[in-house]
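Participant: Pasting the sequence and the predicted model now:
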Amino acid sequence: MKNSAEVRLLVIFLAFLILAPPALDAHEPVYARKGMVVAQEPLAADVGVDVLKSGGNAVDAAVAVGFALAVTYPYAGNIGGGGFMLIRMADGRTTFIDFREKAPRKATHDMYLDASGNVTKDSLLGWRAAGVPGTVRGLELASKKYGRKPWFDLLQPAIALASSGFPISYAQMRSFRTNAELLSQFPESKRIFLKGGALYDWNENFQQLDLRRTLERIAGSGASDFYEGETAHILAREMEKNGGLITLDDLREYQAVERKPLEGDYKGYHIITSPPPSSGGVGILQMLAMLDGTGYEKSRAGSATAYHYLAEVMRRFYADRNEYLGDPDFVKNPISALVDPAYIRSRRGSIDPLLATPSDLINPGLPARTAEGSDTTHYSIADAEGNVVAVTYTLNAGYGSKVTVPGLGFLLNDEMDDFAAKPGTSNLFGLVQGEANSIAPGRRPLSSMVPTIVLKDSKPFLALGAPGVP
């Protein structure tokens, strides 16, 4: 890119893609010489800064922030959900840690359809909505392989926040009250987050002693407690008692995995982004390639022309996403074909520079193939050495399934709604998905979360990610 206007267009495009509005009236930027932690909740961000100050690297800080958010930002911070971590180390190594939830063994293709074939609310609310959580495994994998501080130490700030409590912000008070009707349907959620129905007031101290004990066990025994130890046994027992699907075998078998990030270039910038089961990474590469050559960047940022082209390339990508992409352990994702220059030219050529194309007229564009065997939170961290980490993790909807596990103090995700409960029918977020993302035991649901790192002249330039549709 040649000027600041073009840089701004790229940032706005990426912000729209990862489902957060661009900050057109942004405050003054924050500067730091030796590192930075950007998170959605300030107490958790402070935890990350303290880890950097004490000699930890960006991965150490990311692990500590992840656990702290589980305490201070229950709307989306979690140990009962899952997500993605993108890492770019100072020596140039890159990796993507996939700790997305999995469908339990008992999951079936049509498990959320009633006798008439209609989608029920069970994928969104209650015990049956939860996939096997991945956060604790993912953070442990990152810590063991890329961090340097002791695991026990990284959990202490979260334990202290859960034990001593912290003053509830005005925003958190409003969030609890807005979600009170759904949270109150589950006794533990009502007791912990709604003060037994009395409701918390602004600046009132908020303690979570059950969660403290869970975090203490994880600090002492590692992820094995969550997946095989006391925490696992309590979770499996409560699942069985309440009609949930997750068993002790599901927990024992869960593993976070490392995947190779997707990479591409755009106008002098190198983009490192998320592979499937994130759909967003291939989306970034495909859509930037479609935009390149349209001349859209000649319009000012925020102009009608710029937004027109952004909308048109997004329409075309989502038609492809819904047809072709899914868990790479189950579906062959045609990534090379989706970013092939000839295919990109064809898709770009279908854009009318003046008129919007109705979405229902846009079909997936690859040749037919044979069958193949907001509520989220993001944080970005950079350290003095040049290591950069971008993490997006989620419970899916705000407060997930609204279920808090008795005796454990954490909320469960409702990530099963990210599958196509009924292929061709929209989910919570209005997304229509295909058979490639249908429910199957052990499958990870497709995600739009897309932590991304952008380099300029081989040095970190942007670390991106956002809350929004998972």
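Facilitator: Yes, it's here.
Participant: Show me the beta-bridge partners of the nearest residue to residue 451 once chain neighbours are set aside.
Facilitator: The spatially closest residue to residue 451, leaving aside those adjacent along the chain, is residue 390, at 3.6 Å (Cβ to Cβ, 6 or more residues apart in numbering). (Glycine included, C-beta is placed from N, CA and C.) For residue 390, the beta-bridge partners under DSSP bridges are residue 86, residue 380.
Participant: Residue 390 and residue 452, how far apart?
Facilitator: Remark: distance between residue 390 and residue 452 (Cβ to Cβ, to the nearest Å) = 6 Å.
Participant: Quick check: neighbours shared by these two?
Facilitator: Any residue near both residue 390 and residue 452 by Cβ atoms under 8 Å, 6 or more residues apart in numbering counts here, and that gives 86, 463, 464, 465.
Participant: quick one: which of these is nearest residue 335?
Facilitator: Ranked by distance to residue 335 (Cβ to Cβ), the shared contacts of residue 390 and residue 452 are led by residue 86 at 16.5 Å.
Participant: and the closest one, what does it touch?
Facilitator: When contacts are counted by Cβ under 8 Å, 6+ apart, residue 86 touches 94-97, 261, 272-274, 389-391, 451-453.
Participant: could you measure it against residue 49, distance?
Facilitator: Using Cβ to Cβ, one obtains 20 Å as the distance from residue 86 to residue 49.
Participant: Cross-check the contact I'm expecting between the residue nearest to residue 451 and residue 465.
Facilitator: Yes. Shown here, residue 390 and residue 465 form a contact pair, counting by Cβ atoms under 8 Å, at 4.9 Å.
Participant: Which neighbours do these two have in common?
Facilitator: Between them, residue 390 and residue 465 share these contacting residues under Cβ under 8 Å, 6+ apart: 378, 379, 380, 451, 452.
Participant: got a list of what the fourth one touches?
Facilitator: Under the criterion of Cβ under 8 Å, 6+ apart, the contact partners of residue 451 comprise 84-86, 273-274, 378, 380, 390-392, 463-465.
Participant: okay, the residues you listed in CSV with distance to residue 246 next?
Facilitator: CSV is the format used below for those (distance: Cβ to Cβ, whole Å):
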residue, distance to residue 246
84, 21
85, 23
86, 27
273, 30
274, 25
378, 26
380, 31
390, 28
391, 24
392, 23
463, 33
464, 32
465, 27
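Participant: all helices for the stretch 101-250 of the chain, in order.
Facilitator: Assignment of helices within the stretch 101-250 of the chain using DSSP state H, counting those that start in this stretch yields the ranges 135-146, 151-164, 170-178, 180-183, 187-193, 209-221, 223-227, 230-241, 248-253.
Participant: Would you mind saying which of those helices lies nearest residue 404?
Facilitator: Shortest distance between residue 404 and the helices of the stretch 101-250 of the chain, using Cβ to Cβ, is found for helix 187-193: 3.9 Å.
Participant: Residues contacting the closest one, please?
Facilitator: The list of residues contacting helix 187-193 from outside it, by Cβ under 8 Å, 6+ apart, reads 74, 176, 183-184, 196-197, 200, 208, 210, 399, 402-406, 409, 411.
Participant: Which of the residues in stretch 382-390 are classified as buried?
Facilitator: Neighbour counts using 16 or more other Cβ atoms under 10 Å place 382, 383, 386, 387, 388, 389, 390 of stretch 382-390 among the buried residues.
Participant: So residue 51 versus residue 94, what's the distance?
Facilitator: Taking Cβ to Cβ as the measure, residue 51 falls 22 Å from residue 94.
Participant: Compare the two (neighbour count), which wins?
Facilitator: The neighbour count for residue 51 versus residue 94, taken as other Cβ atoms under 10 Å, is higher for residue 51 (29 against 15).
Participant: element containing that one, please.
Facilitator: Assigned by DSSP states H and E, residue 51 belongs to helix 42-53.
Participant: could I get that helix in CSV with only the CA atoms?
Facilitator: This file holds the C-alpha atoms of helix 42-53, laid out as CSV (Å, rounded to 0.1, in the frame of the first residue of the first chain):
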residue,chain,number,x,y,z
PRO,A,42,-9.7,-4.1,31.7
LEU,A,43,-9.0,-6.3,34.8
ALA,A,44,-8.0,-9.2,32.5
ALA,A,45,-5.9,-6.8,30.3
ASP,A,46,-4.0,-5.7,33.5
VAL,A,47,-3.3,-9.4,34.2
GLY,A,48,-1.6,-9.7,30.9
VAL,A,49,0.5,-6.6,31.4
ASP,A,50,1.6,-7.9,34.7
VAL,A,51,2.7,-11.2,33.2
LEU,A,52,4.8,-9.3,30.6
LYS,A,53,6.3,-7.1,33.3
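Participant: Can you check what angle separates it from helix 151-164?
Facilitator: Using axes from the mean of the first three to the mean of the last three Cα atoms, to 10 degrees, one finds that helix 42-53 and helix 151-164 are set 150 degrees apart in direction.
Participant: next helix or strand past helix 42-53?
Facilitator: Moving toward the C-terminus from helix 42-53, the next element (DSSP H and E) is helix 58-72.
Participant: so how far is that next one off the chain centroid?
Facilitator: The chain centroid and the centroid of helix 58-72 are separated by 14 Å under Cα atoms, centre = their mean, to the nearest Å.
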